[in-house]
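Trainee: Any chance you could fold what I've pasted below:
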Amino acid sequence: MRIAAVIFEGGAPRHAVVRELTRVRHGVVLDTIAKLSAAPRVDEIILCTNYPQLAEEAAALGARVVADSSPFHFGRALQKIVREAQCDGIIYLGGAAAPLLSVAEFDQLAEGLRARAPVVITNNPQSADIVAFAPADALLALSPPENDNALATLLKTGGLTREFMPHSVGVHFDLDTPNDALVLSLSPHTGERTQAALQELTWDSARLTQAITRMRATHCECALIGRVSPAVMAHLNRHTFLRLRVFSEERGMKALDREAQGLVVSLLGHYLAAVGPRRFFADLSQTADVAFIDTRVLFAHFKLKLSEDVRFLSDLGRYEEISHPWLREFTQAAAEAGIPVVLGGHSLVSGCMWVVAEHLACRNENS
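Mentor: Have a look, this model is predicted:
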């Protein structure tokens, strides 16, 4: 059986913050290609991208580069690669989906396709960004998905047996937002190209540093808000001394198309609307010592159409640069809250918590 790893990484960043994160993402892509090249059971690596420099560097590492189509459609582009690759199994991942996945884990994924086809193996039942499947041509019989979030579920409905990758920091961590990158810098397992890009960042990491410092205290009250999975809660309970306060809402809102259809609803969103950002964070400060908030659920609840750069500015607490009145007020209230509040997307309350748990455990062992 011939296995191909397919990486998609494209975009057109215009804002400085997005360009900075893109440089980190490209470091991840190149490190991932290097790891896949070292995995004995991976036969070919294909990168689909519209970035010329990334394409050149990836080719130098041995990847076959495919220019993405315009206008880009994820499902049709992946189907085209499957037709042309003439492979039996596919390991698909987004460009920055697996910065901490090891060579051994990639190799085990390829072996899983060989041993258990027909199968789809993924890292997340709700919103997957690592999807391995065999036979590869199973995708060709399906309607091409708009994005990768729904790929694993679509293949399951197409008749493949769904399995999940064993839990690990590499399986769960995904780099999507600025604070994901700041959390990633805590890990000793990043590749050399990723490390170099992270070291060039000049973003203010004070809130994250304050949060981590407080989390070292025994029985620290840690609030996790957003698309929080039971696996994250179990992992933190097993490996830290944190006392968790969790409010989990709208898991799978992208994969189930709820966001696109305007169906997202949040109880905390209703409370935020009733009392306003200042009161919301004042009350949160009375119930937790630190908070990590997946704000995308709240944005979808309020049906806010925010550009990527504006979301990232909010994540970094740079409210002075935000023109949107409500988001500016919300971000300022978070930045000035009585506790460290860290804002981000789904990965902040998912993979980032695996990195934080590992970091806290290492500090406890060395103290």
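Trainee: Domain ranges for the chain, per the record?
Mentor: Following automatic domain parsing, the chain resolves into domains at 3-172, 204-366.
Trainee: to the chain's geometric centre, what's the distance from the shortest one?
Mentor: Computed by CA atoms, centre = their mean, to the nearest Å, the chain-centroid distance of domain 204-366 equals 14 Å.
Trainee: Helices of the stretch 1-150 of the chain, start to end?
Mentor: Listed from the start of the chain, the stretch 1-150 of the chain has helices (DSSP state H, counting those that start in this stretch) covering 16-37, 52-60, 74-85, 103-116.
Trainee: from the ones you listed, which stretch is densest packed?
Mentor: Per-stretch averages of neighbours, counted by mean count of other CB atoms under 10 Å, single out helix 16-37 among these, with a mean of 22. All C-beta atoms are positioned from the backbone trio N, CA, C, and that covers glycine.
Trainee: what's it packed up against?
Mentor: Counting by 3 or more CB pairs under 8 Å, 6 or more residues apart in numbering; DSSP states H and E, the packing neighbours recorded for helix 16-37 are strand 3-9, strand 44-49, helix 52-60, helix 103-116, helix 178-184, helix 192-199, helix 308-315.
Trainee: Quick check: mean pLDDT of it?
Mentor: Model confidence over helix 16-37 averages 98 on the pLDDT scale.
Trainee: Check whether Phe330 really touches Arg311, as I assumed.
Mentor: No: in terms of CB atoms under 8 Å, Phe330 does not count as a neighbour of Arg311; the distance is 11.7 Å.
Trainee: is it true that Arg245 lies in a helix?
Mentor: No: the assignment for Arg245 is strand, going by DSSP: H, G, I helix; E, B strand; the rest coil, so no helix is present there.
Trainee: got any ranges where the protein has weak pLDDT?
Mentor: 363-367 (pLDDT under 70).
Trainee: Geometric centre of it: which residue is closest?
Mentor: For the chain, the residue sitting closest to the mean C-alpha position, by CA atoms, centre = their mean, is Asp174 at 3.0 Å.
Trainee: Relative to Asp180, how far out is that residue?
Mentor: From Asp174 over to Asp180 the distance is 7 Å, taken as CB to CB, to the nearest Å.
Trainee: Quickly list what's touching both of the two.
Mentor: Shared contacts of Asp174 and Asp180, defined by CB atoms under 8 Å, 6 or more residues apart in numbering, comprise 347, 351.
Trainee: What ranges does the stretch 101-250 of the chain have for its strands?
Mentor: When assigned using DSSP state E, counting those that start in this stretch, the strands of the stretch 101-250 of the chain occupy the ranges 119-122, 130-134, 161-164, 221-226, 243-248.
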